[in-house]
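> sharing a sequence plus its predicted fold:
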Amino acid sequence: MNMTLLIYRERVVVWWLSAIMGSIAAIMLAILVYQETVGPLGDNPGPSLFYLIMFLVFLFFTLNFSVLSISVGENEILVGYGISRRKYPFSGINGVRRDTASAISYGGWGIRITSIEGRSRLAYTVPRLPRIVISLDGFRFDEFVLSTRNPEDLITIIETQRMLS
């Protein structure tokens, strides 16, 4: 993030997702190693390439979606899940508020795209945490939603920086 001053930083680790995805990746790797060193697993074994691909897919999910990071600088907010990051300058933010939509309206957690009340939303969410909605101007999505442990603090910081920009 190219900021002169970091004002706020938060990292939300989703431990249960890491444990589940990491376990599945480990199982796929164990099956692959077993088949390559001992012999076929069962009477109708899957191809080793399948287990290699599944291991890589679940390893990617484990590493990429385990941590939601939020950084606020003087001029912008940066939110990311692994390699998927969104940066919004305060000059393109119209407002920020608590999210009142049901978590079900997003169809799950992680990175989601939806439309609520006729406005397109990009959401970076984690389970059981409050969310805020950032209203945008001049971007692909009308609103950006993110989960945070400190919604009121983050709203205050974004509003303050938005007014200073």
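Ah, there it is.

> grab the nearest non-local neighbour of Tyr124.
Nearest non-adjacent residue to Tyr124, counting by C-beta to C-beta, 6 or more residues apart in numbering: Leu146, 4.8 Å away. All C-beta spots, glycine's among them, are computed from the backbone N, C-alpha and C.

> SS state for that neighbour?
strand (DSSP: H, G, I helix; E, B strand; the rest coil).

> for it, what are its contacts?
Leu68, Ile70, Val79, Ala123, Tyr124, Thr125, Arg131, Ile132, Ile134 (C-beta atoms under 8 Å, 6 or more residues apart in numbering).

> that's a helix at the second one, yeah?
No - when three-state DSSP is applied, Ile70 is found to be strand, with no helix at that position.

> what's the single longest helix in the protein?
Longest helix of the chain, by residue count under DSSP state H: helix 15-37.

> got the buried residues for the helix or strand following that helix?
Following helix 15-37 in sequence order, the next helix or strand is helix 48-64 (DSSP states H and E). Within helix 48-64, the residues that count as buried by 16 or more other C-beta atoms under 10 Å are Ser48, Tyr51, Met54, Phe55, Phe58, Leu59, Phe61, Thr62, Asn64.

> cool, thanks, talk later.
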